Each structure stands twice: as C-alpha cells, then as structure tokens.
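Enquirer: for reference, the sequence and a predicted model appear below.
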Amino acid sequence: MAAPPDETSNIAFGKRVGEGTSMAVDRLVQVKAYDQLRALLTDVTRALEKLDEGSYGRCDRCGTAIPPERLEILPWAAICFRCAAQR
C-alpha cells in the first residue's frame, strides 16, 4: 500500500471563503479514504489468517458460528452480528 497522505501538511484555511478550503477538504478526504482502506486490509488479512487456522466463520469474541449470510455479504467478518452490535 502506498504511503499515507501527510496529515500534518500546512494546508490552512484562508481569511476569505474559498481560500485553501478545497485543498483542505481534498486532504481530509484522502486521509479518510486511506484510513478506510487500511482498516479493510487489516480485516481481510485477519480473515485469511482465520482460513489458515481453520477458524474462518467463527466469531473471534464469543466463538459462535457466523451465519453464512453475513459472510456472504462481508467475507472478512471476524465477529458475529451480536458481538458487532455490542461495540
């Protein structure tokens, strides 16, 4: 994965409406997208580990079977719906 967008760059909002605003918003969108992709990569990696361990389809928290319908929609799900709702 490419390096994350620089969160500390000095993009400031200008004194007038519109000055630097679009650049700042673009940067925020880039950082958010990177964070979401990074989280997805972590989840997919965990699902692959579970396949190797033979525990794919079992909740990491309570150990119950994750319904096939959930895994069909979210193949990288590592926790059941009940545990996810408790987060």
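Expert: Yep, it's here. Numbers count the residues shown, from 1 in each chain.
Enquirer: how about the residue lying closest to R70 once chain neighbours are set aside, secondary structure?
Expert: Once flanking residues are discounted, R70 sits nearest to A77: 5.5 Å by CB to CB, 6 or more residues apart in numbering. All C-beta atoms are positioned from the backbone trio N, CA, C, and that covers glycine. Taking DSSP: H, G, I helix; E, B strand; the rest coil as the rule, one finds A77 in the coil state.
Enquirer: count of residues packed around A77?
Expert: Neighbours of A77 under the rule other CB atoms under 10 Å: 22.
Enquirer: and it, what does it touch?
Expert: Taking CB atoms under 8 Å, 6 or more residues apart in numbering as the criterion, A77 is in contact with A47, I66, R70, L71, A84.
Enquirer: repeat the analysis, applying 7 Å as the threshold.
Expert: Taking CB atoms under 7 Å, 6 or more residues apart in numbering as the criterion, A77 is in contact with I66, R70, L71.
Enquirer: point to the helix or strand of this protein where mean pLDDT is at its lowest.
Expert: With mean pLDDT, DSSP states H and E as the measure, the helix or strand of the chain carrying the lowest mean pLDDT is helix 21-53 (a mean of 91).
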